[in-house]
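*Asks:* any chance you could fold what I've pasted below:
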Amino acid sequence: MHLEQYFTITNAWEIFFLSILGIVVLLRLFFYVFFYARILKKPKPLNSSSLPLSVIIAAHNEAENLRQFLPKILEQIYPQFEVIVVNDRSDDESNDVLVEYRSKYPNLYFTNIEENPRFPSGKKLALTVGIKAAKYEHLVFTDADCYPESKNWLQSISQNYTPGIEIVLGYGGYADTGKFLNTIIRYETFKIGLQYLTFAKSGMPYMAVGRNLSYLKQTYDTQKGFASHYHIKSGDDDLFVNKAANRKNTAATWHPESRTRSISKTTFDEYVLQKVRHFSTWKHYRFLHKFVLTSEILTRFFYYTGLIFALIMNIPVGYLISIYGLTVIVQCAIVGIAAKRLGEKRIAWFEPIFDILMPLIHLRISISGFFIRKRIQKRWN
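*Replies:* Numbering: from 1, shown residues only. The predicted structure follows:
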């Protein structure tokens, strides 16, 4: 078969279909070039900052994680900071660990929330208790199962508080175990991080993760804390930021010293429970944010379905190879550099596969979540 046969259009319908597919490709590339490519810019070098910081951690039955990871926070190289752990209804050895560490680290403070069936509890209450107890105006949040990659984590977060900035978004990834499920979780977390960090850089902050987030106590008070979404079990991070953040008061950082890592779920069932809880907050985002995020999902859907239909309709293969090749090159180039920026090894190699696979996994999660909501409610309460 001659080469020109791969690029021969036989009728107007093929021209029309390729034109529509071309528009979809341009819209798809728009997200990569306009948003995600912003991460290609190298972060500013680390400089000195001396803002007093209050690090707040809510912990529920996290004795082993506190024993392993809390020293990595308490031993940060930073002139003035306190660490407040709110031990939320734990029935393990968390209190013993905190008592032990309190004798070693004078900047550690903790309090216990006891189980009381007359009063609703949960992470938002624990964080509220921690915020009220904080001595300093600048608050930094992470989770008990998280650890900073660097002893300069607080320094790298603090330096983003330039005049007018009230909220700082950092990247919270997962440790690499080499397992297949871990790779899926790391990839999804990386793409979500790439999205919310670059959207914030473009002037449209819409979410954050509680594993690596900072904001002012004044901002918390101005928003009346979590009052607008206290009835929702999750959302202490993304819903708060979605409401409080704007293009002028929010900074995003991907400095190598600013990252945190967590231990990922080890079973698919646990992963499903976690994702269903996360998905439950999405519908409460601002309309603009939901519109843009939905558009990104739809462009991906129409892109791949368009390529499949084009093959079925015998559209010249040469055009389809060119279209797919262009998008993959742009996509992998940006994702490859972004993965280095966020310290994610081996992630870029999976981009062409997981870009197709993740929507199917999310569909599987949605179906599973429909049948296990009662189990989720038990874990939340």
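*Asks:* rest of the way, CA atoms for contacts and neighbours
*Replies:* Fine.
*Asks:* residues near L288, how many?
*Replies:* Burial measure for L288: 11 neighbouring residues, criterion other Cα atoms under 10 Å.
*Asks:* for the host helix or strand of it, give the mean pLDDT please.
*Replies:* Here L288 sits within helix 287-312, counting by DSSP states H and E. Confidence for helix 287-312, expressed as mean pLDDT, is 91.
*Asks:* the next helix-or-strand element following that helix packs against which elements?
*Replies:* Moving toward the C-terminus from helix 287-312, the next helix or strand (DSSP H and E) is helix 317-341. Contacts defined by 3 or more Cα pairs under 8 Å, 6 or more residues apart in numbering; DSSP states H and E place helix 317-341 against helix 12-30, helix 287-312, helix 351-371.
*Asks:* immediately after the first one, which helix or strand?
*Replies:* The element immediately downstream of helix 12-30 (helix or strand, assigned by DSSP H and E) is strand 53-59.
*Asks:* after that next one, which helix or strand is next?
*Replies:* Read in the C-terminal direction, the helix or strand following strand 53-59 is helix 63-74, with elements assigned using DSSP H and E.
*Asks:* which strands or helices does the helix holding L288 pack on?
*Replies:* Identification of packing neighbours for helix 287-312 by 3+ Cα pairs under 8 Å, 6+ apart yields helix 12-30, helix 317-341.
*Asks:* returning to that earlier point: include distance to L74 when you put the helices and strands packed on helix 317-341 into a markdown table, please.
*Replies:* A markdown table is the format used below for the helices and strands packed on helix 317-341 (distance: least, Cα to Cα, whole Å):
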| stretch | distance to L74 |
| --- | --- |
| helix 12-30 | 42 |
| helix 287-312 | 36 |
| helix 351-371 | 36 |
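*Asks:* the ones you listed: which one's closest to G122?
*Replies:* Set against G122 and scored by Cα to Cα, those come closest in helix 351-371, at 21.0 Å.
*Asks:* any idea of the angle the closest one forms with helix 317-341?
*Replies:* Taking axes from the mean of the first three to the mean of the last three Cα atoms, to 10 degrees, helix 351-371 and helix 317-341 form an angle of 80 degrees between their directions.
*Asks:* off-centre distance for helix 351-371?
*Replies:* In terms of Cα atoms, centre = their mean, to the nearest Å, the centre of helix 351-371 is found 17 Å from the chain centre.
*Asks:* give me the mean pLDDT for it.
*Replies:* Rounded to a whole number, the mean pLDDT of helix 351-371 is 78.
*Asks:* re earlier: right, and the helices and strands packed on helix 317-341 - which one's nearest E62?
*Replies:* Of all the helices and strands packed on helix 317-341, it is helix 351-371 that lies closest to E62, at 25.3 Å by Cα to Cα.
*Asks:* done for today, thanks.
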